[in-house]
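Novice: Quick one, fold the following:
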Amino acid sequence: MAVIDYRSNHVKVPLREVGANMKVKGFTLPTRTYMSNRLVPGSNVYLEFSWVYEMPEPAQVVPAVHSHPYDQVTMLIGSDPNNPEYLGAEVESHLGGQKLISDKTNALFLPRDIPHGMVTWKKFERPHILMSITLGTGDFEKANPAGYNK
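Specialist: Alright, predicted model coming up:
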């Protein structure tokens, strides 16, 4: 039986591509892409994240309502190991015309073709992570993270 070398599946150096032309104070841009077909051919997943280390300025980090033909999961992840559900922020977003408020660590499933966006920080108390995982494509242009490609 042939031994498969999986070291090429282990991404240690991210791409920096999402939001390359944006200027947002308090937000690491471009974001860090740790999974894509460019990094791991055939993975068919696009995963990127950014640290939010102070109140973003402008506060509306994802201004465009957009959609894409792929399912997506976004996560807001707090950074307090003693209270992992504490996000340290209040973030408003929109999904299918509905306003959602996030003030705890959470995951949000965004079905394909459903309009979403207008992600705005209302409060900031502690650094946290914003992560996006697009399922079914590992391609930056097709994933269209945060609608930045339009």
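
Novice: going forward, measure contacts and count neighbours with C-alpha atoms only.
Specialist: Noted.

Novice: Off-centre distance for stretch 85-100?
Specialist: Mean-position distance between stretch 85-100 and its chain equals 13 Å (Cα atoms, centre = their mean, to the nearest Å).

Novice: which residues in this protein form strands?
Specialist: 25-27, 32-35, 45-57, 60-62, 72-78, 86-95, 98-104, 106-110, 116-124, 128-135 (DSSP state E).

Novice: closest one to V13 among these?
Specialist: Closest of the strands of the chain to V13 is strand 32-35, at 7.4 Å (criterion: Cα to Cα).

Novice: okay, K150: pLDDT?
Specialist: The model reports K150 with a pLDDT of 52.

Novice: just P145 next, same as before
Specialist: Reading off the confidence values, P145 has pLDDT 73.

Novice: thought it was touching S132?
Specialist: Yes - contact criterion Cα atoms under 8 Å: P145 and S132 qualify, at 7.5 Å.

Novice: Now do the same contact list for G117.
Specialist: Shown in contact with G117 (Cα atoms under 8 Å, 6 or more residues apart in numbering): V62, P63, A64, V65, H66, S93, H94, L95, A146.

Novice: could you redo those as JSON lines and give each row distance to P84?
Specialist: Formatted as JSON lines, those follow (distance: Cα to Cα, whole Å):
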{"residue": "V62", "distance to P84": "25"}
{"residue": "P63", "distance to P84": "28"}
{"residue": "A64", "distance to P84": "30"}
{"residue": "V65", "distance to P84": "29"}
{"residue": "H66", "distance to P84": "30"}
{"residue": "S93", "distance to P84": "21"}
{"residue": "H94", "distance to P84": "24"}
{"residue": "L95", "distance to P84": "25"}
{"residue": "A146", "distance to P84": "25"}
